[in-house]
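J.: sequence and predicted model, in that order:
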Amino acid sequence: MRRHSILSIKPCSFICVTAAIFLVSIAGAAEKTPTFPAPDGPLSILHSHNDFAQEHPLDTALENGITSVEADVTDRRGEVRVVHLGLWTYGSLKDLYLDRLQKLVDEKGSVYGDGKKFTLWIEMRPFITSRKVVPLLRSLLSKYPMLAQYGKDGKEVKPGPVTAVLMNVHSRDYFDGLETAPACLTVSRAAEKDQPNASFQCYVHFRWASQFTWMGNGEMPRPEIEKLRMLQRDAHSRGLRTRYWGIPDHAEFWKRALTLPFDLVGTDQLHQTRLYLAPALPHATLPTKKLPSAEVPRGLPVGKGSP
């Protein structure tokens, strides 16, 4: 009787163990981070405006070789949550962006494996974000070794493959009392007039229509080209980079964009904009299919009226 029971168990054990190994191997394959094509030179000016509103946040930007993405956040139930209009959230900043970027860096040394920098913009939304976001964000960002460390002068004191740039309400509060931080600050051109030379500042950003009348049709007027060059020179002379938002996001603008002195320009149409730039991309490989992404609940349509 005992011999019979032992023999009857062995085949079951073998099948169970084999099945377990198979399931573990599948899980391991599913865990493997997708490989994204390294960006071509001209793509370095592209910034994914309101990236969280894409059908596949972060993935679509990576598929198209974009090295700068933006997430709007607020404090909600003790977490830093990705949000825009405040009615509901898309998920946590940790899950949607930070953990996923850190995983790519851990596996490849940088986000794309090419050693180049990646920038995560974190905009704290006005009216719906309390000062509680400051300690929450400080605690959260401190956990990610991928993040470059910055000093009060806005310069890197410890390089890292990912730069976090903070903006909007409470962004200055984040840096109060700090000597170094795993982030730096961007200030709008308008705000700079009232509070110039902010500590930890690394960027200045501009709303396109506040500076220019040219909306991408025909040639950009010579006086406006000179103004753009002046804004760039001024920023670079202070050790800052520039970002422009609310640009005329269409084919005619992008055909001319590569001849203009931009650092970063926001777009909401990631794949389409890459197609516009394709003639200028050496050896460009356009994505043919979407890579899998964690399901993200969709919020209200996000407009272009915010940085």
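T.: Received, thanks.

J.: only C-alpha atoms from now on, for both contacts and neighbour counts.
T.: Noted.

J.: helices of the stretch 151-300 of the chain, start to end?
T.: Along the stretch 151-300 of the chain, counting by DSSP state H, counting those that start in this stretch, helices occupy 171-175, 189-194, 208-211, 222-237, 251-257, 270-277.

J.: centre of the chain to the last one, how far?
T.: A distance of 17 Å separates the C-alpha centroid of helix 270-277 from that of its chain, computed with CA atoms, centre = their mean, to the nearest Å.

J.: list the buried residues for the host helix or strand of Gln102?
T.: Using DSSP states H and E, Gln102 maps to helix 99-108. Buried residues in helix 99-108, defined by neighbour count with 16 or more other CA atoms under 10 Å: Arg100, Leu101, Gln102, Lys103, Leu104, Val105.

J.: please apply the same query to stretch 113-127.
T.: Buried residues in stretch 113-127 (16+ other CA under 10 Å): Gly113, Lys117, Phe118, Thr119, Leu120, Trp121, Ile122, Glu123, Met124, Arg125.

J.: would you reformat those residues as a markdown table and include secondary structure?
T.: Shown next, in a markdown table, are those (DSSP: H, G, I helix; E, B strand; the rest coil):
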| residue | secondary structure |
| --- | --- |
| Gly113 | coil |
| Lys117 | coil |
| Phe118 | strand |
| Thr119 | strand |
| Leu120 | strand |
| Trp121 | strand |
| Ile122 | strand |
| Glu123 | strand |
| Met124 | strand |
| Arg125 | coil |
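
J.: export the residues you listed to JSON lines and append columns for pLDDT.
T.: JSON lines is the format used below for the buried residues of stretch 113-127 (pLDDT from 0 to 100):
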{"residue": "Gly113", "pLDDT": "95"}
{"residue": "Lys117", "pLDDT": "96"}
{"residue": "Phe118", "pLDDT": "98"}
{"residue": "Thr119", "pLDDT": "98"}
{"residue": "Leu120", "pLDDT": "99"}
{"residue": "Trp121", "pLDDT": "99"}
{"residue": "Ile122", "pLDDT": "99"}
{"residue": "Glu123", "pLDDT": "97"}
{"residue": "Met124", "pLDDT": "97"}
{"residue": "Arg125", "pLDDT": "95"}
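
J.: would you point out the most distant pair within those?
T.: Across the buried residues of stretch 113-127, the longest distance by CA to CA is 31.9 Å; it joins Gly113 and Arg125.

J.: picking that back up, so which of the buried residues of stretch 113-127 is the closest to His170?
T.: Met124 (7.0 Å).

J.: what's the separation between Pro182 and Leu270?
T.: Separation of Pro182 from Leu270 (CA to CA, to the nearest Å) stands at 27 Å.

J.: then Glu55?
T.: Taken as CA to CA, the span from Glu55 to Leu270 is 11 Å.

J.: and if you look at Cys184?
T.: 25 Å.

J.: repeat for Phe118
T.: Taking CA to CA, one finds Phe118 at 16 Å from Leu270.
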